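Peer 1: below are the sequence and a predicted model; questions follow.
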Amino acid sequence: QQQVKQSPQSLIVQKGGISIINCAYENTAFDYFPWYQQFPGKGPALLIAIRPDVSEKKEGRFTISFNKSAKQFSLHIMDSQPGDSATYFCAASKAGQGAQKLVFGQGTRLTINP
Amino acid sequence: DSGVTQTPKHLITATGQRVTLRCSPRSGDLSVYWYQQSLDQGLQFLIQYYNGEERAKGNILERFSAQQFPDLHSELNLSSLELGDSALYFCASSGRTGGDTQYFGPGTRLTVL
């Protein structure tokens, strides 16, 4: 069971609003949960990541909330800006013997209207 | 700029052909990962190499193979290409320990006609 489910598939938010993207995972052995941001024509870039020993991590306008018992985690973008318009991917991995293959969610296309 | 380079940027070829995609990791990174991104399958892990040795394998087709050379660059070989192999192929690299951040390259867009 390696699946990571992400929702919504697309999201439109007004400038200044809060964007929220949710992910759920099945494998309780996962211990690393990153969020990646991808602009058209570019590779994914790490935005923020969390490990299951904390319930929340904040970096600037970006916050990850993590609920271990529910096997869910979410990305909150505060004061959303047009420059945040991109596709966002959650991911999960299980580190072991130096291997860290990422299992990605299906992605959320975020549009911030000015 | 992540520091990971991939060549070529675009590749157009015909069914049945073989292509090689190249990746140079960030300076000092020992791990290289290959991912395939398609509209229907999303981002899928293919394979990981660590300091020249295969470390983890995903749902990589038997027609696909990879290797990591002593200078740590990696190549992904795709053979007997099919229309369904058309996708973006990303390489990522990470540091000496398995838990480090993966930095993605700009990708190679493969189109099979």
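Peer 2: Noted; the coordinates are in hand.
Peer 1: buried ones in stretch B:72-84, by neighbour count?
Peer 2: B:72, B:74-76, B:78, B:81 (16 or more other Cβ atoms under 10 Å in any protein chain shown). Quick note: C-beta positions are derived from backbone N, CA and C, even for glycine.
Peer 1: so the residue nearest the centre of chain B: helix, strand or coil?
Peer 2: What sits nearest the mean C-alpha location of chain B, by Cα atoms, centre = their mean, is B:Trp34, with 3.3 Å. Each residue gets one of three states, and B:Trp34 gets strand by DSSP: H, G, I helix; E, B strand; the rest coil.
Peer 1: likewise for B:Leu46?
Peer 2: With three-state DSSP as the criterion, B:Leu46 reads strand.
Peer 1: on that earlier part again, which among the buried residues of stretch B:72-84 gets closest to B:Cys91?
Peer 2: B:Ser74 (6.6 Å; Cβ to Cβ).
Peer 1: is the closest one bridged to anything, and to what?
Peer 2: B:Cys23, B:Gln68 (DSSP bridges).
Peer 1: verify the stated contact: it with B:Cys91.
Peer 2: Yes. Contact criterion Cβ atoms under 8 Å: B:Ser74 and B:Cys91 qualify, at 6.6 Å.
Peer 1: tell me the contacts of the nearest residue to the residue nearest to the centre of chain B once chain neighbours are set aside?
Peer 2: Excluding its sequence neighbours, the residue lying closest to B:Trp34 (Cβ to Cβ, 6 or more residues apart in numbering or on different chains) is B:Leu46, at 4.2 Å. Applying Cβ atoms under 8 Å, 6 or more residues apart in numbering or on different chains to B:Leu46 gives the contacts B:33-36, B:57-60, B:64, B:66, B:76.
Peer 1: still on that earlier bit, TSV for the buried residues of stretch B:72-84, including pLDDT?
Peer 2: Below are those laid out as TSV (pLDDT from 0 to 100):
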residue	pLDDT
B:Leu72	95
B:Ser74	98
B:Glu75	98
B:Leu76	98
B:Leu78	98
B:Leu81	98
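Peer 1: can I get those in TSV including distance to A:Ala86?
Peer 2: Listed next are the buried residues of stretch B:72-84 as TSV, based on distance: Cβ to Cβ, whole Å:
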residue	distance to A:Ala86
B:Leu72	30
B:Ser74	27
B:Glu75	29
B:Leu76	26
B:Leu78	28
B:Leu81	30
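Peer 1: and the residues you listed, which two are furthest apart?
Peer 2: The two members of the buried residues of stretch B:72-84 with the most space between them (Cβ to Cβ) are B:Leu72 and B:Leu81, at 26.6 Å.
Peer 1: what residues does chain B put near chain A?
Peer 2: Residues of chain B lying close to chain A (Cβ under 8 Å from any Cβ of the partner chain) are B:2, B:4, B:31, B:33, B:35, B:42-45, B:48, B:50, B:55-56, B:58, B:90, B:92, B:94, B:97-107.
Peer 1: ranking the contacts of B:Leu46 by neighbours, who comes first?
Peer 2: Highest neighbour count within those: B:Tyr33, with 29 neighbours (other Cβ atoms under 10 Å in any protein chain shown).
Peer 1: list the beta-bridge partners for it.
Peer 2: Applying DSSP bridges to B:Tyr33, the residues it is bridged with are B:Gln48, B:Ala92.
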